[in-house]
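>>> next come a sequence and a model predicted from it.
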Amino acid sequence: MRHMIARKRVVIYQSRRHLLAVVLFLLAPFLFLTFFSQIAHIAVSRLYSDLGISMFRLIGAYVIALILGWTLAIGFYKGKRSMVALPVFDVLQSFPTFAILPLASAAFGATNTNVIFFLVLTILWPVFFSILSSLKLMRHDWEEAVEMAGWRGFEYVKRFLWPISVPGLITGSIIGLGEGWGALVATEIIVGVRMGLGDFFSSYSHNASITFFGILGLLTLIFSINKLVWTPLLDWSHRITEE
């Protein structure tokens, strides 16, 4: 417990070779997409522009969902507030998110705001409930040790709640972003925003080969990010709580 509270530094990548392998593997999807653009006679600038815009929307939504989810989990993980709020959050999580899309479209129109708003709702609940699970599973003797140390306020959050919540935060991020990638393309198509992966797949929906290789390239990118970024981060998060 003492080492966890002290935030012992644990490296994510164990060697320079490991880091180099990560960089090379992350380049693979982009090399694939470049090759795909050549054989499909699609301007590589169009392909990367659509991918970059969609990733911007997804990352923006993820950051908002991460901050909101962590704040809600810290505020409602125990006490009387938890007993009142958690059933409400559970109902909101179960509500079909796509049912809100027509209302969001009426409010925001075919804009980035609409897409990001919808993605926040998609990513938020996996992040929130994963962090909440980490906080609720903390050992009672850890809390007693913190009380004896006299930590309060910001120090309590920074040195105790934050490291405890990191494994849940990373697990929730993996699940939330997995759902976010799926919702991203569908939302862009339904909302009708210009540019992005949704616009790309809509433009080439008549061409099965381009659609197939586009999906394959996207899956390769998602797999590479999960395998070489999120998996090491998840292992690291467990090590800092076990030290």
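On my side now, so go ahead. Keep in mind it's a predicted model, so treat the numbers as computed, not measured.

>>> could you list every helix and strand in contact with the helix or strand residue 215 falls within?
Assessed by DSSP states H and E, residue 215 sits inside helix 208-225. The contact analysis (3 or more Cβ pairs under 8 Å, 6 or more residues apart in numbering; DSSP states H and E) places helix 208-225 against helix 16-39, helix 162-191, helix 197-203. Using the backbone N, CA and C atoms, a C-beta is placed for each residue, glycine as well.

>>> so how far is the longest one from its chain's centroid?
Same thing as helix 162-191. The chain centroid and the centroid of helix 162-191 are separated by 3 Å under Cα atoms, centre = their mean, to the nearest Å.

>>> equivalent analysis for the last one, please.
Using Cα atoms, centre = their mean, the distance from the centre of helix 197-203 to the centre of the chain it belongs to is 22 Å.

>>> for residue 110, helix, strand, or coil?
coil (DSSP: H, G, I helix; E, B strand; the rest coil).

>>> okay, now residue 55: neighbour count?
For residue 55, the neighbour count with other Cβ atoms under 10 Å is 15.

>>> from residue 164, how far off is it?
Distance of residue 55 to residue 164, computed by Cβ to Cβ, to the nearest Å: 30 Å.

>>> again, but for residue 184
30 Å.

>>> so how far is residue 100 from residue 135?
Residue 135 is 28 Å from residue 100, by Cβ to Cβ.

>>> neighbour count winner among those two?
Set residue 135 next to residue 100 and count neighbours by other Cβ under 10 Å: residue 135 wins out with 17 against 13.

>>> residues touching residue 34, list them.
Residues near residue 34 by Cβ atoms under 8 Å, 6 or more residues apart in numbering: residue 44.

>>> make JSON lines from the helices and strands packed on helix 208-225 and add distance to residue 115 and mean pLDDT to it.
Shown next, in JSON lines, are the helices and strands packed on helix 208-225 (distance: least, Cβ to Cβ, whole Å; pLDDT from 0 to 100):
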{"stretch": "helix 16-39", "distance to residue 115": "21", "mean pLDDT": "72"}
{"stretch": "helix 162-191", "distance to residue 115": "5", "mean pLDDT": "88"}
{"stretch": "helix 197-203", "distance to residue 115": "8", "mean pLDDT": "87"}
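
>>> low pLDDT regions in the protein?
Per-residue confidence for the chain (pLDDT under 70) gives these ranges: 1-19, 21-26, 138-154, 238-243.

>>> which helix is the longest one in it?
helix 44-76 (DSSP state H).

>>> helices or strands up against that one?
Secondary elements touching helix 44-76 (3+ Cβ pairs under 8 Å, 6+ apart): helix 16-39, helix 80-94, helix 112-136, helix 162-191, helix 197-203.

>>> what angle sits between the third one and helix 44-76?
Between the direction of helix 112-136 and that of helix 44-76, the angle (axes from the mean of the first three to the mean of the last three Cα atoms, to 10 degrees) works out to 40 degrees.

>>> use 291 as the first number for this chain going forward.
Shifting the count to begin at 291 puts that one at helix 402-426.

>>> next, the buried residues of helix 402-426.
The neighbour-count check on helix 402-426 (16 or more other Cβ atoms under 10 Å) flags 402, 404-425 as buried.
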